[in-house]
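Asks: I need the structure of the sequence given here:
(one chain, ligands or ions: 1)
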Amino acid sequence: MRCRGRACPTLVGTARNAGTASRPPTAGRYQRIVVASFPIAPMSWHENTHRRWNPLIREWVLVSPERTQRPWQGQIEPTSRVVPQAYDPDCYLCPGNARAGGVRNPNYTSTFVFDNDFPALRPDAPGASLNEGGLLIAEAERGICRVVCFSPDHSLTISQMALSDLTAVVATWASQYEELCGLPFISSVMIFENRGAMMGASNPHPIARSGQPNDCRMRY
Ligand SMILES: [Zn+2]
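Replies: Numbers count the residues shown, from 1 in each chain. Here you go, the predicted structure:
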């Protein structure tokens, strides 16, 4: 039930199952019995459960910061002690190095964009559909996946970059967005950064990725 006011009454039962000897329930009627009330402390958006409006998907999202206070006996990842260098001769994305597919990167000095060598979506995907009794339904999906190197410096993260270099990154995102939106089989463009080994990033070089599902609604 929804509680209103400064105190939160707790409904513990009805007259049919919570009556007392001194005050029997009214025959044929349900009675609301308040047994406790809790003063409401001032709201802390960092500590109390609440919901937040996500304007991008126009839906409420439940936020439960109290869950982070529970005892943790699960897996704990060690802190990385590796100090990255500005150039890594074994990195597939550093300037002048060969990528996994054999193509050699140019000696780029700012941002660098290329088609992902191992894309999740391909522009030449064959058209096909599958329907096995209404249980297994699938359709082929076309798209393009690209990689945007933010900087030739292997050691940087985007938060460490100079403002002028960041401006170049945003300009690259914008031009990529416009270019990909102009393709007839592209209906949406998603630019994202998957940062950190724990998050599943396959390479520590500062990069973003873009994916363009033709007809899928994606959330992240
Ligand atoms: Zn690198």
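
Asks: touching the worst-scoring helix or strand of the chain on mean pLDDT from outside, list them.
Replies: None of the helices or strands of the chain scores lower by mean pLDDT, DSSP states H and E than strand 207-211, at a mean of 74. For strand 207-211, the external contacting residues (C-beta atoms under 8 Å, 6 or more residues apart in numbering) are 93, 116, 120-121, 143-150, 169, 173, 176, 180, 189-194, 218. C-beta here means a position set from N, CA and C on the backbone, and glycine is covered the same way.

Asks: just the ones in helices from those, please.
Replies: 169, 173, 176, 180 (DSSP state H).

Asks: so how do I select the buried members of the residues you listed in ChimeraX?
Replies: Buried residues within the ones in helices among the contacts of strand 207-211, by 16 or more other C-beta atoms under 10 Å, are selected in ChimeraX with:
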select :169,173,176,180
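
Asks: and stretch 128-143, which residues are buried?
Replies: Using 16+ other C-beta under 10 Å as the test for burial, stretch 128-143 gives 141-143.

Asks: helix or strand for W53, which one?
Replies: Element membership of W53, judged by DSSP states H and E, is strand 50-54.

Asks: after that strand, which helix or strand is next?
Replies: Following strand 50-54 in sequence, per DSSP H and E, is strand 59-63.

Asks: could you list the paired strands of that following strand along with their orientation?
Replies: In the sheet, strand 59-63 lines up against strand 50-54 (antiparallel) (DSSP bridges).

Asks: from the chain's centre, how far out does the partner strand sit?
Replies: When distances are taken as C-alpha atoms, centre = their mean, to the nearest Å, strand 50-54 is centred 15 Å away from the chain's centroid.

Asks: ditto for stretch 41-53
Replies: For stretch 41-53, the distance to the chain centre is 21 Å (C-alpha atoms, centre = their mean).

Asks: before we move on, the earlier item: make CSV out of the ones in helices among the contacts of strand 207-211 and add distance to G200.
Replies: Converted to CSV, those look like this (distance: C-beta to C-beta, whole Å):
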residue, distance to G200
V169, 22
W173, 21
Q176, 22
L180, 24
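
Asks: all helices for this protein, in order.
Replies: Counting by DSSP H, one finds helices in the chain at the ranges 163-181.

Asks: among the contacts of strand 207-211, which are in reach of the ion?
Replies: Among these, the ones lying near the ion by C-beta under 5 Å from the ion are L93.

Asks: give the PyMOL command for selecting the buried subset of the contacts of strand 207-211.
Replies: The buried residues among the contacts of strand 207-211 can be selected in PyMOL (16+ other C-beta under 10 Å) with this line:
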select buried, resi 93+116+121+143+144+145+146+147+148+149+150+169+173+176+180+189+190+191
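
Asks: what backbone torsions are found at G196?
Replies: Backbone torsions for G196, taken as degrees, to the nearest 10, come to phi 100, psi 140.

Asks: what about it, how many neighbours?
Replies: Neighbour count of G196, defined by other C-beta atoms under 10 Å: 11.

Asks: distance-wise, check it relative to R209.
Replies: Note on G196: its distance to R209, by C-beta to C-beta, to the nearest Å, is 14 Å.

Asks: with F118 instead?
Replies: Distance from F118 to R209, by C-beta to C-beta: 11 Å.
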